[in-house]
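Trainee: Any chance you can model this:
(chains A and B)
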Amino acid sequence: MDYNKLAELLYPNVQHDMQYYLNVYPARKLPAGAEVTRLGPSPTGYLHIGHLYSAMISRITATKTHGVFYLRLEDTDQKRYIPGAGDVAYDMLCYYGVKPDEGYRGDNLEQIGEYGDYVQSHRTEIYQTFAKELVKRGRAFPCFCGANDSKEDILERREKELSESETITEHDEHCRNLSFEQIKANIEAGKPWALKLLSTGDPEKQHDFVDLIKGKRVIRENGKDIVLVKSNGIPPYALAHVVDDTLMGTTIVVRGEEWYPSVAAHIETFLALGLKPPKYAHTPVISKLDDGNKRKLSKRKDPEADVRFYIEQGYPKEAVKEYVLNLLNSDFEMWRNQNPLSDIAEFPFSIKKIGSNNPMFDFEKLNNISKNIISRWPAERVFAEIYAWAEKFDGKYANLLQNNKETMIKMLSIDRGGDRPRKDIFAWSMVKDLYDYIFNDIAPATIDERINKNSAKDFLKEYIEKYDHKLDKQAWFDQIKQIALGHNFADNKEYKANPSAYAGNVADACNLVRVAVTGKTATPDLCSIMQLLGKDKVKNRLQNMINSL
RNA sequence: GGCACCAUAGUCUAGCGGCUAGGACAUUCGCCUCUCACGUGAAAGACCGGAGUUCGAUUCUCCGUGGUGCUACCA
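Mentor: Numbers count the residues shown, from 1 in each chain, chains lettered A, B, ... in the order given. You can find the predicted model right below:
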């Protein structure tokens, strides 16, 4: 077969050849050791936590080696395209501080960089040029079998084939053997066709492969005639990956482990074009425990898969990042303990330290990381963050905050600062309920059954009468203690020795006041809260408590 | 069905032939304390199973088992 003739038949309108584009996009001039990384999300929904995971690896690697991290929109599947998803991807990367140096920046912003266009659907001509090159080299052939099936059809067909035979045919024995005349006839008849790789690999043969995360591996050669260009003229991921990462100068392809099985096919495609494959880093996939089963985090079922989820919940982006970083390099938390105030950019991150099993998402851990981060922030900053969150997700609360800024900051200042700050907030959305007692009336709370109700009543009555709003912390407590002792509440030690003899201990008395004033059993320093609330409110609430007993 | 990846406590993991198997979150119990926290001390909790290699295997090899992924003209 005359492959040049075939190439002309298939791609009569392709003007340039591969070398032309290789010249248009020459090798990048970067310092030695610089790595070029990229993220290639498809605009089929939102940005997945797994994208953030990959993006952090790519961003840190590029920064550390003085290389480039760029964003490419992989929108070759127009069936699944969701408008605006590209904007979200870029915005989220910026929001989480893993901003690309170049590439796509959303639908309304100009792209940055010399290696564009960074939107795959704009690159059809380039892909076709490389496709034509493959045909010229006798490494690709048209397939007329026409498959525009839905996913369900494909899965059904696969099931059927599995039940009938042991393996699915990997070579397309029908179309790869068509004669030039047959192909010509089909083309002239207007039959749709896809371009497939004419694989020369033998899956029985193996070769070495180095993955930056998995290490040295032995993999089978590809033996599959994969589709390089769909019948609509657009390439699927495989060819787009080969062409783009060549032309854009990617040195390390960071991608999810789900790509690992197809790496041999990708390498064969690079080699068929005489191109050098990049280095690969196949990352673990974040999963979760669902009814006792471990499974990949799913876009549909799991809201936490969407990076916007954490914004809605009010997790600081620093917390999400540190959590992901901790998943990536588990010695991060040790480093953080030793360097509580350092910027995470100083952490000695390494791709090699990434484990290769799929971690499960753990909210407890995220919450803990978040609490620690927030506890280190001054009240003004915490207020600003809460307010910014409320403005977006709870307008009413935002108004309330705006009108009570001073009070709220005072509230947030209690037990904050110093060596042992309180750690009770991990997400902004919880603040409204946590501190509701400073703005709202509270419902009368029930008290521990251990405590004698009459004594409690008497204690509170006397406390109201003698309540002095001006007392400092020590005097405030001494007063409570003194009054409590007068109503059969005992000192801690005495109470422990003989609980049944007393109405409760001093701690219980103190907690009576707390529950009366805040409706909660756990709050920051009570004396400060009472100062903040004001004399009238405090007395009112104490009285309500008495009435409810 | 085929192919591949993974396998240490509930979770994330350290370990790279000999360790009382280390740390973090969560759990439980003390201490501190006016409560809840914070802090602090402690407890409980793990090498998937079986062969082999070896003087010695959590660590190396093989076979199982389990989980996961791929097997699309989706990425």
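Trainee: Please count neighbours and contacts with C-alpha atoms only from this point.
Mentor: Fine.
Trainee: can you give me the helices in the stretch 251-400 of chain A?
Mentor: For the stretch 251-400 of chain A, the helices defined by DSSP state H, counting those that start in this stretch occupy A:263-272, A:307-313, A:317-328, A:332-338, A:363-375, A:379-393, A:395-403.
Trainee: buried sites along the second one?
Mentor: Burial within helix A:307-313, assessed by neighbour count using 16 or more other CA atoms under 10 Å, is assigned to A:307-308, A:310-311, A:313.
Trainee: Please compute how far it lies from its chain's middle.
Mentor: Relative to the centre of its chain, helix A:307-313 is centred 9 Å away, using CA atoms, centre = their mean, to the nearest Å.
Trainee: Contacts for that helix next, please.
Mentor: When contacts are defined by CA atoms under 8 Å, 6 or more residues apart in numbering, helix A:307-313 is touched by residues A:46-49, A:52, A:92, A:303-304, A:316-317, A:320, A:389, A:393, A:427-429.
Trainee: Please identify the member of the residues you listed with the greatest number of neighbours.
Mentor: For the contacts of helix A:307-313, neighbours were counted using other CA atoms under 10 Å, and A:L47 has the most, 25 neighbours in all.
Trainee: contacting residues around that residue?
Mentor: Taking CA under 8 Å, 6+ apart, one finds A:41, A:85, A:88-89, A:92, A:306-308 in contact with A:L47.
Trainee: residue ranges with poor pLDDT in the stretch 201-350 of chain A?
Mentor: When the per-residue scores of the stretch 201-350 of chain A are filtered using pLDDT under 70, the ranges that remain are A:291-293.
Trainee: scratch that, chain A
Mentor: In chain A, residues with pLDDT under 70: A:146-150, A:154, A:158, A:161-169, A:291-293, A:444.
Trainee: how is it carved up into domains?
Mentor: When chain A is parsed with automatic domain parsing, its domains come out as A:3-22+A:123-283, A:379-434, A:453-548.
Trainee: First-to-last residue distance for the first one?
Mentor: Which is domain A:3-22+A:123-283. Chord length of domain A:3-22+A:123-283, first to last residue, is 39 Å (CA to CA, to the nearest Å).
Trainee: same thing with the second one?
Mentor: For domain A:379-434, the first and last residues are 15 Å from each other (CA to CA).
Trainee: How far away from the center of its chain is that domain?
Mentor: Taking mean C-alpha positions (CA atoms, centre = their mean), domain A:379-434 and its chain are 24 Å apart.
Trainee: Report how many residues lie close to A:P348.
Mentor: The burial metric for A:P348, expressed as a neighbour count using other CA under 10 Å, is 12.
Trainee: Distance of the residue in chain A sticking out farthest from the centre relative to RNA strand B?
Mentor: In chain A, counting by CA atoms, centre = their mean, A:G486 sits farthest out from the average C-alpha position, at 57.1 Å. When CA to the nearest atom of the strand, to the nearest Å is applied, the distance between A:G486 and RNA strand B equals 16 Å.
Trainee: again with A:K371
Mentor: Applying CA to the nearest atom of the strand, one obtains 9 Å for the distance of A:K371 from RNA strand B.
Trainee: sec struct for the residue lying closest to A:L542 once chain neighbours are set aside, please.
Mentor: Nearest residue to A:L542, sequence neighbours excluded (CA to CA, 6 or more residues apart in numbering): A:A516, at 5.4 Å. A:A516 carries the three-state label helix when classified by DSSP: H, G, I helix; E, B strand; the rest coil.
Trainee: And for the helix or strand that contains A:Q182, what's in contact with it?
Mentor: Secondary-structure element containing A:Q182, defined by DSSP states H and E: helix A:180-188. Helix A:180-188 has contacts (CA under 8 Å, 6+ apart) with A:1, A:6, A:9, A:142, A:144.
Trainee: Give me the buried stretch members for it, please.
Mentor: By neighbour count, with 16+ other CA under 10 Å as the criterion, the buried positions of helix A:180-188 are A:183, A:187.
Trainee: Contact partners for A:D225?
Mentor: Neighbour list for A:D225: A:170-172, A:196-199 [criterion: CA under 8 Å, 6+ apart].
Trainee: With that, I have no additional questions.
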